[in-house]
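Asker: quick check, what structure comes out for this input:
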Amino acid sequence: MAKQVRETKAGKSISAWVILKGRKGVVAEVHAHYSDAGIVTVDVWDQYALAYQGKAGGSGYDKITAAMSGAVIQGIKITDHCAVQKKKPKGRKTFPHAMKEPKGFRFANYNSEERGWGNCYRISGLEILEAYGFRVHRVL
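Answerer: Reported below is the predicted structural model:
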């Protein structure tokens, strides 16, 4: 059996995602290239026009999310991990245990002494789009 395209060196160095919204179908695409030098380059196509290009290098972190950080897809800004944080309720050191997570945010760092969450971070990368009703599919 012949090698599949995705099994080749070139195929392993690229990724692509499609973003869908209801009956509109595909509303955006993200293309990424992972270079041999450890650099990730992304192109974000929003409504079939190139809307953003980003790049991230280095080691030991989520380069794809860092490279996409700053892009706007269908009016929703893509952010890096822990880049945006909600302020704690007035007079509290934590977010109450029973509080519902705000749309597009996640609680982190539970403090058992205070019985609450220490942080509330915005969902990073393409995952934020799912919180707003988009479907994100990795296709390559």
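Asker: quick check, central residue of this structure?
Answerer: Centroid-nearest residue in the chain, with C-alpha atoms, centre = their mean: Gly125, separated by 0.8 Å.
Asker: is that one in a helix, a strand, or coil?
Answerer: Following DSSP: H, G, I helix; E, B strand; the rest coil, the label given to Gly125 is coil.
Asker: quick one: it and Ile78 touch, right?
Answerer: Yes: Gly125 is within contact range of Ile78, at 6.4 Å (criterion: C-beta atoms under 8 Å). Every residue, glycine included, has its C-beta placed from N, CA and C.
Asker: give me the common contacts of the two.
Answerer: Taking C-beta atoms under 8 Å, 6 or more residues apart in numbering as the contact rule, the neighbours common to Gly125 and Ile78 are 65, 68.
Asker: so where's this structure uncertain?
Answerer: Within the chain, the segments meeting pLDDT under 70 span 1.
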